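>>> After the sequence you'll find the predicted model.
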Amino acid sequence: MLTNSAYSKDKLEGYLKEIDRYDDELLSLRGSYMEECKAPRERIKEVITSAKDAGINPVAFRNALKAHRDERAQEKRIAALDMADRADYETIMEALGAYADTELGQAAIDSAKRLHDENQAVLDQLGRG
């Protein structure tokens, strides 16, 4: 039998009800966000339709769009790196050469970045100890 008052049914239910209110708030915000996204998404569809109407293969165009978006996302990730990480990234890219432009090369770069981040986290933790 639980005797700790922190585990009382009333307290636990109170916490759950409070979280329910925040979940409801998040759901409402998500709905508002989705509503605000409708217009830009519709305009994107119109541009894709215009490209198709101009004789551009829509399947090929969508793949080019995906590659373009991926490239923009990668540029943003690189821009967010601190100086040391960016220097390491550039060194890795230089060492990989054209290989870095392939899917496998990008996976190697991502893996190296993850390993670097994990190592940095361990070093940071040791520094605090």
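Sure, I can see it. Numbers count the residues shown, from 1 in each chain.

>>> What helices and strands are in contact with the helix or strand hosting residue 87?
In this structure, residue 87 sits in helix 83-96 according to DSSP states H and E. Identification of packing neighbours for helix 83-96 by 3 or more Cβ pairs under 8 Å, 6 or more residues apart in numbering; DSSP states H and E yields helix 103-128. Bear in mind the C-beta positions are built from the backbone N, C-alpha and C, glycine included.

>>> helices or strands next to the helix it packs on in the packing?
Short answer (3+ Cβ pairs under 8 Å, 6+ apart): helix 103-128 packs on helix 83-96.

>>> Quick check: mean pLDDT of the helix it packs on?
For helix 83-96, the mean per-residue pLDDT is 88.

>>> got the buried residues for it?
Buried residues in helix 83-96, counted by 16 or more other Cβ atoms under 10 Å: 89, 92, 96.

>>> close enough to count as contact, the first one and residue 117?
No - counting by Cβ atoms under 8 Å, no contact exists between residue 89 and residue 117, whose distance comes to 11.6 Å.

>>> Could you tell me the phi and psi values at residue 47?
phi -70, psi -40 (degrees, to the nearest 10).

>>> number of nearby residues for residue 103?
For residue 103, the tally of surrounding residues (other Cβ atoms under 10 Å) stands at 7.

>>> Find the centremost residue of this protein, please.
With distances taken as Cα atoms, centre = their mean, the chain has residue 73 as the residue nearest its mean C-alpha position (8.7 Å).

>>> now the helix holding residue 87, how far from the centre of its chain.
Centre-to-centre, helix 83-96 and its host chain are 21 Å apart (Cα atoms, centre = their mean, to the nearest Å).

>>> now the angle from it to helix 103-128?
150 degrees (axes from the mean of the first three to the mean of the last three Cα atoms, to 10 degrees).

>>> Right, I'll leave it there.
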